[in-house]
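1. Please find the sequence and the predicted model below.
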Amino acid sequence: MPDAGRRQAGSLTERYLDALSFLSRLVTRPGQTEQRFQACLSAFAPAGATLGLIWAAPTFAAWQYAATAGVPSGLCCLLAGWIWTLALLWTTRALHWDGVADLADACGSGTTGERFWQIMRDSRLGAFGALAVSSGLAGSLLLAAAHVAQANWLQLILAPLWGRACSLLLAASAPAQGGGSLGRLVCSAMTPRLARQQGLWLALAAVLGGMVVPVWQVCLLLAGQYVLHRRLRRTALAHGGLSGDFLGAGIELAQLWFLLALL
């Protein structure tokens, strides 16, 4: 890599902007390389927190406007939850939901071997994928609305951070599937140091999120995430390794679990 590219990959600001560029439409960073992508993984968690702040802003505005307009409180919260979900989908271009759909279709098919990966790579949406995406988005709307009703704005901000850090820890725990280029890039970049960083981000999110809920809910969050992590890892190992779809699904599932456990 040229010296300029090495400096760019090593800059904290550049890593953060590259992470936002990959994870959202908010920043455009031309000239991405594999090295720059791998370097920006260390900024996925703070980029996730930034997304959480951005999603929370229109959510709060919609909630305030609806309340001022005399809309019943329940409908105010549902409207705010809908806005939060729309902001999620628009800013990320629904980046990780295709992973949820593909993984659901492949696992729901009951197949193994190459057929499993053929279904994973198929761009067409199957019945299991449609059910998984519709259920996940409905859960996102309802959980966001429930947090708005309780004024749990911090949870809405921290949830995207949690999801992205959990996905990187998943990448550190299993090898990449041979044909998946994105999974290969992420898994090969997961050094012990980077994995420890994700653990620290998760600890910070658990502590901050736990400031407004009982301790048992924080314990539930950690225990449930461990079970989810083990299930995704076991499924990946059973089919030859992780792919980008596995990691994308891991982000969304962990994000939903964070919102549910700390409600």
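-> It's in.
2. use CA for all of it now, contacts and neighbours both
-> Fine.
3. got the contact list for Gly108?
-> Shown in contact with Gly108 (C-alpha atoms under 8 Å, 6 or more residues apart in numbering): Phe128.
4. can you rerun that using 10 Å?
-> Taking C-alpha atoms under 10 Å, 6 or more residues apart in numbering, we find Gly108 in contact with 102, 116, 126-129.
5. Under the pLDDT cut-off, which ranges of the stretch 51-200 of the chain? List them.
-> Applying pLDDT under 70 to the stretch 51-200 of the chain flags the ranges 179-180.
6. Would you state the helices of it in chain order?
-> 73-92, 97-109, 113-121, 127-149, 153-173, 181-189, 192-209 (DSSP state H, counting those that start in this stretch).
7. So Met190 sits against Ser42, correct?
-> Yes - the criterion here is C-alpha atoms under 10 Å, and Met190 meets it with Ser42 at 9.4 Å.
8. and the two? which has more neighbours close in?
-> Remark: of Met190 and Ser42, Ser42 carries more neighbours, 23 against 20, as counted by other C-alpha atoms under 10 Å.
9. Skipping its backbone neighbours, what lies nearest Leu154 in space?
-> Leaving aside its chain neighbours, Leu154 sits nearest to Gly209 (6.7 Å; criterion: C-alpha to C-alpha, 6 or more residues apart in numbering).
10. hang on, the earlier thing: anything in contact with each of Met190 and Ser42?
-> Here Met190 and Ser42 share the contacting residues Leu168, scored by C-alpha under 10 Å, 6+ apart.
11. quick one on the thing from earlier: in PyMOL, how would I select just the buried ones from the contacts of Gly108?
-> Restricted to buried positions by 16 or more other C-alpha atoms under 10 Å, the PyMOL selection for these reads:
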select buried, resi 102+116+126+128+129
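12. from the contacts of Gly108, which is closest to Ser24?
-> Ser24 lies nearest to Asp102 out of these, by C-alpha to C-alpha, at 20.2 Å.
13. That closest one against Asp245, yeah?
-> Yes - at 6.8 Å, Asp102 counts as touching Asp245 under the criterion of C-alpha under 10 Å.
14. residues shared between the contacts of the two?
-> Residues touching both Asp102 and Asp245 (C-alpha under 10 Å, 6+ apart): 120-121.
15. Verify the contact between Gly126 and Ala101 for me.
-> Yes - using C-alpha under 10 Å, Gly126 is in contact with Ala101, at 7.8 Å.
16. what residues are shared contacts of those two?
-> Common neighbours of Gly126 and Ala101 (criterion: C-alpha under 10 Å, 6+ apart): Ala132.
17. Surely Ala43 and Thr13 touch.
-> Yes - assessed by C-alpha under 10 Å, Ala43 is found in contact with Thr13 at 9.1 Å.
18. Of these two, which one has the most company?
-> Legend: neighbour count by other C-alpha under 10 Å for Ala43 and Thr13, higher for Ala43 (22 against 13).
19. Quick check: pLDDT value at the residue nearest to the more buried one when sequence neighbours are not counted.
-> Closest residue in space to Ala43, ignoring its immediate chain neighbours: Tyr16 at 5.1 Å, by C-alpha to C-alpha, 6+ apart. On pLDDT, Tyr16 comes in at 96.
20. C-terminal to the helix or strand where Tyr16 lies, what's the next element?
-> Element membership for Tyr16, per DSSP states H and E: helix 12-23. Counting by DSSP H and E, the next helix or strand C-terminal to helix 12-23 is helix 34-40.
21. What's the mean pLDDT across that next one?
-> If you average the pLDDT over helix 34-40, you get 94.
22. And it, what does it pack against?
-> Helix 34-40 is packed against helix 3-10, helix 12-23, helix 181-189, with contacts defined by 3 or more C-alpha pairs under 10 Å, 6 or more residues apart in numbering; DSSP states H and E.
23. so which of these gets nearest Arg36?
-> Across the helices and strands packed on helix 34-40, closest to Arg36 is helix 3-10 (C-alpha to C-alpha), at 5.1 Å.
24. Next, count neighbours for Phe258.
-> Phe258 has 28 neighbouring residues, counting by other C-alpha under 10 Å.
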